[in-house]
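In: Below are the sequence and a predicted model for it; my questions follow.
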Amino acid sequence: MGIFDRFKSNKAAQEKTRDMSDAAERRINEKTGNKYESQVDSGQQQLHERMGMDEDRPENPK
């Protein structure tokens, strides 16, 4: 079992990663004045897909 397989089965790690990703997204959008909001959102979605994180959690308001 590889590290990514263990990550995919560990919901707590996924939740922590998602929280960190959301915080990074907010910080980047704050620093850039939301100029690159769509690109940041797209990158975050790609990260979640590649990490195999479930997208069943509702989005946090920004």
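Out: Okay, I see it. All of these numbers come straight from a predicted model, not from anything done at the bench.
In: Tell me the buried residues in the longest helix seen in the chain?
Out: In the chain, assigned by DSSP state H, the helix with the most residues is helix 11-32. Within helix 11-32, the residues that qualify as buried by neighbour count (16 or more other CB atoms under 10 Å) are 14, 17-18, 21, 25, 28-29. C-betas here are computed from N, CA, C, even on glycine.
In: Over to stretch 31-51?
Out: Buried residues in stretch 31-51 (16+ other CB under 10 Å): 40, 44, 48.
In: quick check, nearest of the residues you listed to Arg6?
Out: His48 (17.3 Å; CB to CB).
In: Next, the angle from the host helix or strand of that closest one to helix 11-32.
Out: Using DSSP states H and E, His48 falls within helix 37-51. Helix 37-51 and helix 11-32 meet at an angle of 160 degrees, taking axes from the mean of the first three to the mean of the last three CA atoms, to 10 degrees as the criterion.
In: What are the contacting residues of stretch 39-59?
Out: 4, 7-8, 14, 17-18, 21-22, 24-25, 28-29, 32 (CB atoms under 8 Å, 6 or more residues apart in numbering).
In: would you turn those into JSON lines with distance to Gly52 and pLDDT?
Out: As requested, these are arranged in JSON lines below (distance: CB to CB, whole Å; pLDDT from 0 to 100):
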{"residue": "Phe4", "distance to Gly52": "7", "pLDDT": "77"}
{"residue": "Phe7", "distance to Gly52": "7", "pLDDT": "82"}
{"residue": "Lys8", "distance to Gly52": "4", "pLDDT": "80"}
{"residue": "Gln14", "distance to Gly52": "8", "pLDDT": "88"}
{"residue": "Thr17", "distance to Gly52": "11", "pLDDT": "89"}
{"residue": "Arg18", "distance to Gly52": "12", "pLDDT": "91"}
{"residue": "Ser21", "distance to Gly52": "14", "pLDDT": "92"}
{"residue": "Asp22", "distance to Gly52": "17", "pLDDT": "94"}
{"residue": "Ala24", "distance to Gly52": "19", "pLDDT": "95"}
{"residue": "Glu25", "distance to Gly52": "19", "pLDDT": "95"}
{"residue": "Ile28", "distance to Gly52": "23", "pLDDT": "96"}
{"residue": "Asn29", "distance to Gly52": "25", "pLDDT": "96"}
{"residue": "Thr32", "distance to Gly52": "28", "pLDDT": "96"}
